[in-house]
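**Student:** structure here, sequence nowhere to be found:
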Ligand code: C2E
Ligand code: CA
Ligand code: CA
């Protein structure tokens with residue numbers, strides 16, 4: 001590699017820095033060598049001085065002696081100075097100066113006594129070329145100049161001109177040979193230096209990488225072990241390994257056996273290692289004394305330690321990760337409150353059951369009472385109800401069908417029981433058992449909570465029925481159970497699906513009707529039994545299906561159950577009534593008060609009162625022209641508190657509030673006291689048989705009495721016969737409404753109806769009431 005870095009003519013490095021580095025590194029050696037050369041030169045000088053004693057007495061002796069002594073002195077001085085030199089260029093300058101002095105003095109001595117100088121003229125250049133540690137150019141320059149100087153000194157008094165010529169030739173040859181030797185020596189020295197440097201660098205790099213591996217091994221945060229494969233002896237273990245495996249202060253593991261790997265796992269691992277030379281992502285369980293075993297991933301590979309096969313392996317403990325994953329899985333498939341499986345888990349189980357069993361039944365359980373418990377006793381009580389329901393369902397299913405049953409909470413108040421390999425009769429039994437089991441009261445905070453439930457039961461029909469269809473059927477059955485009065489189990493029947501489809505179709509048609517002005521009001525007059533005059537009208541909704549075809553609400557009663565639809569058609573109705581009233585007032589018709597019916601669904605919106613007033617504003621009619629009729633169901637359960645501010649607002653705007661269908665619902669008499677109610681409307685079912693049925697008569701009389709005592713107006717609905725009217729008038733009922741006076745009519749007919757109400761008509765009405 002480095003031959004190309006050397007100058008071909010000198011054997012020195014081409015790059016100055018390389019040469020300087022080379023000299024710098026060998027500098028102590030060079031100083032030692034220079035001093036050795038100076039020491040030998042001193043010895044040789046002393047010997048030559050002794051040799052010069054032969055010419056004692058000759059006139060040149062004192063001169064020679066003086067020259068010799070001064071050279072010796074300078075050599076000694078150079079010897080001492082050399083020790084103090086700090087770098088090669090300075091040392092070189094010292095040596096070169098010494099060479100020049102030595103060369104000059106020797107040449108002078110030869111000149112003075114040439115007979116003794118022949119050997120010197122040969123030895124000195126040899127020394128200058130080969131022994132003196134200076135750079136190539138100084139070696140050649142000093143060697144050549146030195147030998148030339150000696151030759152010249154010798155030539156001043158040659159014994160024989162011929163021998164002078166041959167000496168000249170000798171000196172030239174000698175110089176050439178010496179230059180070659182220096183060149184070779186330079187090259188060899190530098191090449192071997194380069195080789196040594198390269199080796200040193202290689203060794204240093206190996207040492208560094210070894211150190212890095214070692215440090216990594218020791219500092220790695222995962223446990224690592226090096227072990228002899230055949231004996232199983234542990235050769236090295238890092239700190240993390242010691243912490244992980246060493247369970248007590250005394251029992252540091254010494255063999256692979258001490259690491260408490262499961263025996264067949266260890267065997268399998270070693271087999272893999274022998275076969276492929278490595279192990280990767282090997283999952284193993286590791287015993288931890290009395291603590292529960294841990295799980296780890298192991299990776300490793302073969303290597304050779306002291307000529308024997310060994311394994312280096314690292315381990316990653318994944319116990320915590322697995323536990324966390326398990327928790328996430330658990331949370332993803334379970335309901336946090338009840339601990340039951342959730343909808344996602346149920347879906348999986350349902351799919352699996354459908355694939356594995358011929359007969360699959362679903363019981364969809366809906367807690368009827370959750371809303372009321374939540375509203376009455378708070379959400380903690382609701383939670384307690386859910387938890388206990390879940391427990392009872394789980395227990396009963398477990399007792400009756402064991403592993404063939406699966407209970408899940410679908411959300412809110414809805415639970416599901418999946419029965420795999422169970423036929424319909426058994427499923428119906430199960431449903432009855434569940435309902436009965438839930439009826440037992442649940443004690444919470446000193447109160448008993450009632451967990452009434454409706455259950456929809458469906459059996460999978462044939463293998464082609466999908467889990468989604470089965471679920472849908474159970475849903476329809478549940479819907480039927482709820483609309484049949486709740487707290488019961490109903491089995492799915494195909495007509496439920498048709499009914500549902502009809503409902504869906506009806507709802508979309510009604511939605512369309514609300515926006516296309518097909519919802520129109522009819523008005524039925526209310527007649528005073530005291531004055532015989534019309535005191536107002538009740539607005540009744542009609543759905544126009546053709547020029548003269550109007551549907552009464554009985555045909556679309558389900559619309560009032562749907563909160564969105566009820567509000568939609570209710571709003572269309574309010575707008576039309578307000579517009580009609582405005583128009584009639586503009587024509588100067590005296591109408592009395594117009595009553596609007598509001599459904600419970602409309603009361604789920606707290607702003608229903610404000611909304612009414614806005615509509616009246618839009619139509620530019622005052623609220624005092626209107627009454628509102630509400631049924632007692634509006635006050636059921638939680639709604640009472642919520643309804644009160646709405647009624648206050650309506651009442652405050654000048655409207656009167658009538659309690660519709662009084663006596664058929666669940667109103668507590670306390671509502672009459674607490675709420676701003678002005679009127680009681682006796683339900684037509686009591687009026688129908690009032691003359692013949694003494695119970696109906698008693699009820700009608702008590703309502704009239706109640707109204708009188710509380711200062712409320714009493715209106716009787718469904719008055720069809722004059723006999724009923726007389727009965728009511730005689731008992732003090734103030735107002736009657738019914739076919740006796742008029743059927744509900746369109747707004748156009750109202751004006752005519754009122755115009756026809758002459759004094760004679762009124763007098764006739766009053767006369768008819770008089771039995772005499
Ligand atoms: P309701 O409020 O009790 O209205 C009285 C019902 O009795 C009306 O039925 C009326 O036509 C009928 N009726 C009146 N006089 C007689 C009679 O002498 N004999 C008999 N057999 N029936 C009589 P309609 O119009 O079919 O309304 C039925 C129910 O639909 C109403 O009962 C009311 O609950 C509801 N409804 C009607 N219009 C609306 C409305 O705009 N909004 C809301 N939310 N409900 C409405
Ligand atoms: Ca009514
Ligand atoms: Ca009524």
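**Tutor:** Good, I have the coordinates. Keep in mind it's a predicted model, so treat the numbers as computed, not measured. Ligands and ions are numbered 1, 2, ... in the order given.
**Student:** any stretches of this protein with poor pLDDT?
**Tutor:** 1-3, 114-121, 157-162, 247-250, 288-289, 636-640, 665-668 (pLDDT under 70).
**Student:** can you list the residues of it near ligand 1?
**Tutor:** 524, 540-541, 552-554, 560, 570, 573, 597-599, 629, 660-661, 684, 717-720, 738-739, 744 (CB under 6 Å from any ligand atom). C-betas here are computed from N, CA, C, even on glycine.
**Student:** need the buried ones from those selected in ChimeraX.
**Tutor:** Selecting the buried subset of those in ChimeraX, with 16 or more other CB atoms under 10 Å as the burial test, is done by:
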select :524,540,541,560,570,573,597,598,599,629,660,661,684,717,718,719,738,744
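**Student:** residue 619 is in contact with residue 582, correct?
**Tutor:** Yes - the criterion here is CB atoms under 8 Å, and residue 582 meets it with residue 619 at 4.8 Å.
**Student:** what comes into contact with stretch 608-625?
**Tutor:** Outside stretch 608-625, the residues that touch it by CB atoms under 8 Å, 6 or more residues apart in numbering are 571, 574-575, 578-579, 581-582, 585, 591, 593-594, 596, 598, 602, 605, 626, 628, 646-647, 649-650, 653-655.
**Student:** out of these, which end up buried?
**Tutor:** Buried, going by 16+ other CB under 10 Å: 571, 574-575, 578-579, 581-582, 591, 593-594, 596, 598, 602, 626, 628, 646-647, 649-650, 653, 655, out of those.
**Student:** and these, which of them are in helices?
**Tutor:** 571, 574-575, 578-579, 581-582, 646-647, 649-650 (DSSP state H).
**Student:** from those, which is closest to residue 430?
**Tutor:** residue 646 (43.3 Å; CB to CB).
**Student:** pretty sure the closest one sits against residue 606.
**Tutor:** Yes - with contact defined as CB under 8 Å, residue 646 reaches residue 606; the gap is 6.7 Å.
**Student:** could you pull out the strands in the stretch 301-450 of the chain for me?
**Tutor:** Along the stretch 301-450 of the chain, counting by DSSP state E, counting those that start in this stretch, strands occupy 308-317, 360-367, 405-411, 414-420, 442-444, 447-449.
**Student:** give the pairing partners of the last one; include direction for each.
**Tutor:** Take DSSP bridges as the rule and strand 447-449 pairs in its sheet with strand 442-444 (antiparallel).
**Student:** same check, this time on the fourth one
**Tutor:** According to DSSP bridges, strand 414-420 forms sheet pairs with strand 360-367 (antiparallel), strand 405-411 (antiparallel).
**Student:** wait, is residue 236 part of a helix?
**Tutor:** No - counting by DSSP: H, G, I helix; E, B strand; the rest coil, one finds residue 236 to be strand, located in no helix.
**Student:** does it really touch residue 223, like I thought?
**Tutor:** No - the pair residue 236 / residue 223 is not scored as a contact, 11.8 Å apart, by CB under 8 Å.
**Student:** the more surrounded of the two?
**Tutor:** residue 223 (23 against 15; other CB atoms under 10 Å).
**Student:** distance-wise, check the more buried one relative to residue 216.
**Tutor:** Plainly put, residue 223 is 14 Å away from residue 216 if you go by CB to CB, to the nearest Å.
**Student:** over to residue 651?
**Tutor:** Using CB to CB, residue 651 is found at 84 Å from residue 216.
**Student:** show me which of those two is the more surrounded one.
**Tutor:** Neighbour count, other CB under 10 Å: between residue 651 and residue 216, residue 651 has more, with 17 against 11.
**Student:** need the contact list for that one.
**Tutor:** Here residue 651 is in contact with 657, 676 (CB under 8 Å, 6+ apart).
**Student:** so who does the nearest residue to residue 675 once chain neighbours are set aside touch?
**Tutor:** Using CB to CB, 6 or more residues apart in numbering and skipping residues adjacent in sequence, the residue nearest residue 675 is residue 647, 5.7 Å away. Residues near residue 647 by CB under 8 Å, 6+ apart: 609, 630, 657, 675-677.
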